[in-house]
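**Q** Need coordinates for the below:
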Amino acid sequence: MATYILLARFTQQGIQHIKESPNRLDAGKQAFRSMGAELKEFYLVSGQYDIVTIFEAPDDETMAKVVLALSSKGNVQTETLRAFTEDAYVKLVSEIP
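**A** Residues are numbered from 1 along each chain as shown. As a prediction, the model looks like this:
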């Protein structure tokens, strides 16, 4: 499974209904699972973003479906990064000609 970091900011709609966000998080976890992905970690953060999550998906197409489904609800705007573990990083570097 590939690892992704999802950075999110609450939209005006999302912040207006902030008390519903724990239930939305639970629904989001379920949606991830139903599409073959898994939300591994969730953090509420301060700074440029409001939320940082780490999730796994079998491929980029699944990641895109998950992120589009999440974003289509209108409560967050997202930015997604493909993440490589330390082991994967070392392997990639070792294969550079």
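
**Q** would Arg9 count as being in a strand?
**A** Yes: under DSSP: H, G, I helix; E, B strand; the rest coil, Arg9 sits within a strand.

**Q** per-residue pLDDT, the residue located most distally from the centre of the chain?
**A** Taking C-alpha atoms, centre = their mean, the residue of the chain most remote from its mean C-alpha position is Pro97, at 32.8 Å. Listed pLDDT for Pro97 reads 94.

**Q** show me the contacts for it.
**A** Listed by C-beta atoms under 8 Å, 6 or more residues apart in numbering, the contact set of Pro97 is empty. From N, CA and C alone the C-beta is placed, and that goes for glycine too.

**Q** distance of Lys40 from Leu92?
**A** 21 Å (C-beta to C-beta, to the nearest Å).

**Q** more neighbours, the two?
**A** Higher neighbour count among Lys40 and Leu92: Lys40, with 13 against 10, using other C-beta atoms under 10 Å.

**Q** I'd assumed the more buried one was in a helix, is it?
**A** No: Lys40 is assigned strand when assessed by three-state DSSP, not a helix.

**Q** was I right about Gln77 contacting Arg9?
**A** Yes: under the criterion of C-beta atoms under 8 Å, Gln77 is in contact with Arg9, at a separation of 5.0 Å.

**Q** And the strands in this protein?
**A** With strands called from DSSP state E, the chain shows them at 2-10, 38-44, 51-57, 76-83.

**Q** Against which helices or strands is the top helix by length along the chain packed?
**A** In terms of residue count, the longest helix belonging to the chain (DSSP state H) is helix 21-34. Secondary-structure packing of helix 21-34 (3 or more C-beta pairs under 8 Å, 6 or more residues apart in numbering; DSSP states H and E): strand 38-44, helix 60-71.
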